[in-house]
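S.K.: Mind looking at a prediction? Sequence and model below.
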Amino acid sequence: MKKIAILFVVFFCSVSLWAQTIEDDATWKLKTDTVRALKHYKADDNWFIGIQAGANHSLSENSRFGSFGAMTRPSIALSVGKYFSPAIGARVQLAYLKQMSRANSEVIEAFPEVYGKGNYGFNMFNGYLDGLFNLHNIFAQYDEDIRFNVVGILGMGFNSSFGFDDKVKEWDKSPSEEFAPYQISTDNKTFFSLRAGLQFNYMLSNALDINLEATFNATDDAFNGTRYDRKWDSYANVMLGLTYHFKDQYGDRRFRYTEVNDQAWVDELNRKINEERNKPVPAPVVTEVKKEVVKNEMLGMTVSFIIDKYNITDIQKKNVAEAAKYLEDHPEVNLIITGYADVQTGNPAYNLKLSQRRAEAVCNMMVKEFGVDPSRIRVDYKGDSLQPYQLKNEWNRVVVFITEARNK
């Protein structure tokens, strides 16, 4: 696992550029490609802070012999975390708990004047790194308007015990030769712990959630000051809390979709492209083939991509088919398939690889689905080192087709 978190997707809708061949008097025609996808989020987006209060119940040795109320004490917690996607997040939680434990029934019944009811208290501080798994968004498509969610919790951390009741120091003395004393170690100690649980969230507003969380926590047998004949002790924790979501780069507080399907908007882009078309046409290359001059040209059809993606949408597939048909109709040329990435997203190394994947995806589709001879295709990729479209950064998430003379 290279990263605990993976950065995920998206801001923008793919567009397609249609024409047959770019000539001096040709015009671009942009068609809508309706895509609904998540905006593109960065590391400082989708953070939250939470505060919770509730009660914990001891499940350590002998606690089952005490009353439920006697073994239950208050707890409070503070959390800071982030969602990497609508389905996966992580948080760091720190909590303070009052804990109760109990001596065994034999010594309590034999020496009530020493042990009383046998219950003793101590304090506990714990810290966890939790993975958060939104079950609705894992098993169903994310709905940005849904108010109720169930989140699974898996975490690891530590428990530190301290502040034991003073009365347990008296228990070190043997009340009778027939009974060994019930000894409690009052030294501060810290142990590794694991936990699992569920959180039930309800969205009160765009910024605020209310949640009910229940976790089962497993830690070392000695966390309560005494060891029994087992490896683990445990306790359950139930807390009610509030979660505040910070604003992201777009001014939102939740994951949001972006969708472009407005034909008027697309028509305006058509007008601007036709007015200021900045075509990535390489300098003419003259090749002599049987005394004929063949000039490299960029075809009018291109393949556009969603931000951070290299899969080809159904509408963009039509442009790949157009390029394949062009090769069939023009046996005298081959095609250079060149991939690009926009400079405002990612970094140069990542964008170079992304542009390569885009070009290779188009090449593979032409060969496998449209039967193009692979010897007639050459793959090239520029990353963000060259931006063929200066008017609009998003247009550079593209693959273009450039003809070259075919060696015969």
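M.R.: Received, thanks. Residues are numbered from 1 along each chain as shown.
S.K.: ranges for the strands of the stretch 101-250 of the chain?
M.R.: Taking DSSP state E, counting those that start in this stretch as the criterion, the stretch 101-250 of the chain contains strands spanning 119-134, 148-162, 189-203, 208-220, 232-245.
S.K.: Only the buried residues of the first one, if you could.
M.R.: Using 16 or more other CB atoms under 10 Å as the test for burial, strand 119-134 gives 119-122, 124-128, 130, 132-134. Using the backbone N, CA and C atoms, a C-beta is placed for each residue, glycine as well.
S.K.: Likewise for the third one?
M.R.: Buried positions in strand 189-203, judged by neighbour count with 16+ other CB under 10 Å: 190-191, 193, 195, 197, 199, 201, 203.
S.K.: would a markdown table of the residues you listed with distance to residue 41 and pLDDT be doable?
M.R.: Shown next, in a markdown table, are the buried residues of strand 189-203 (distance: CB to CB, whole Å; pLDDT from 0 to 100):
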| residue | distance to residue 41 | pLDDT |
| --- | --- | --- |
| 190 | 36 | 95 |
| 191 | 37 | 95 |
| 193 | 32 | 96 |
| 195 | 28 | 97 |
| 197 | 26 | 98 |
| 199 | 22 | 98 |
| 201 | 20 | 97 |
| 203 | 19 | 96 |
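S.K.: nearest to residue 85, of those?
M.R.: Set against residue 85, the nearest of the buried residues of strand 189-203 by CB to CB is residue 201 (16.0 Å).
S.K.: how is the chain carved up into domains?
M.R.: 15-36+263-405, 47-245 (automatic domain parsing).
S.K.: Least reliable of the ones you listed by average pLDDT, please.
M.R.: Note on these: lowest mean pLDDT is at domain 15-36+263-405, with a mean of 76.
S.K.: Where do the helices of the protein begin and end?
M.R.: Ranges of helices in the chain, per DSSP state H, are 105-110, 112-115, 135-139, 263-276, 314-329, 348-368.
S.K.: Could you list every helix and strand in contact with the first one?
M.R.: If contacts are counted by 3 or more CB pairs under 8 Å, 6 or more residues apart in numbering; DSSP states H and E, helix 105-110 sits against helix 112-115.
S.K.: thinking again about what came up before, could I get the domains of the chain as a markdown table with distance to residue 251?
M.R.: Shown next, in a markdown table, are the domains of the chain (distance: least, CB to CB, whole Å):
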| stretch | distance to residue 251 |
| --- | --- |
| domain 15-36+263-405 | 18 |
| domain 47-245 | 11 |
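S.K.: for those, which one sits closest to residue 256?
M.R.: Per CB to CB, nearest to residue 256 of the domains of the chain: domain 47-245, 5.8 Å.
S.K.: now for the closest one, what's the gap between its first and last residues?
M.R.: 6 Å (CA to CA, to the nearest Å).
S.K.: ditto for stretch 181-194
M.R.: End-to-end distance (CA to CA), stretch 181-194: 31 Å.
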